[in-house]
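A.B. asks: Below is the sequence, then the predicted model.
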Amino acid sequence: MLIEGDLSSPTGRFAIIAARFNSIIVDALLGGSLDALKRHGVPDDRVDVVRVPGSFEIPLVAERLGKSGKYAAIICLGAVIKGDTDHYDHVAGGTTSGIAHAGLSAGIPVIFGVLTCDTLEQAINRAGGKAGNKGYEAAVTAIEMVNLLRKI
Ligand code: INI
């Protein structure tokens, strides 16, 4: 028997955690996520948007919101773009493992919509440019995972 989540309109509230760092990119991801939720039957009044300073702050807030019991899923949005030092590696690594940990510890889908890019151009391409909008894709993934978890 194949079990998978579909993209039917889910009940419940969604939270989006969006970093302010690289806000030109993250705001475009946020627009994509809200658009995807709306197009799949989740209007803005069922979505809470929480802003945090940078991507590194996302995991703590994701875990707190996840454990509140208020949300069907949480979508995490940020953009980590390489600079001249190894700072990028620490922020990207901590954010990635922290978001994974938040999902496991809260027991709800916590979706990784954080871009990790070498250049600003790569980020633009993934935030509504020629590589699509990863914020939109993250929201669709959230819906599929909510529907999957309700089946198993
Ligand atoms: N935060 C980002 O979201 N993206 C980045 O590219 C970035 N860089 O390159 O430094 C970044 N740094 C800030 C970090 O997320 C924290 O806000 C900060 O370190 C305070 O904890």
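C.D. replies: Noted; the coordinates are in hand. Predicted, not measured: the structure shown is a model, and the values here were computed from it.

A.B. asks: and the closest residue to residue 94 other than its chain neighbours, what does it touch?
C.D. replies: Once flanking residues are discounted, residue 94 sits nearest to residue 56: 5.6 Å by CB to CB, 6 or more residues apart in numbering. Where you see a C-beta, it was placed from the backbone N, CA and C, and this is true even at glycine. Residue 56 makes contacts with 91, 94, 95, 98, as judged by CB atoms under 8 Å, 6 or more residues apart in numbering.

A.B. asks: For residue 133, list the residues it contacts.
C.D. replies: Counted by CB under 8 Å, 6+ apart, residue 133 has contacts 28, 29, 31, 32, 126, 127.

A.B. asks: beta partners of the nearest residue to residue 28 once chain neighbours are set aside?
C.D. replies: Take residue 28 and drop its neighbours on the chain: the residue closest to it by CB to CB, 6+ apart is residue 127, 3.9 Å away. In this entry, residue 127 is beta-bridged to residue 133, by DSSP bridges.

A.B. asks: Isn't residue 127 up against residue 29?
C.D. replies: Yes. Counting by CB atoms under 8 Å, residue 29 is a contact partner of residue 127 at 5.3 Å.
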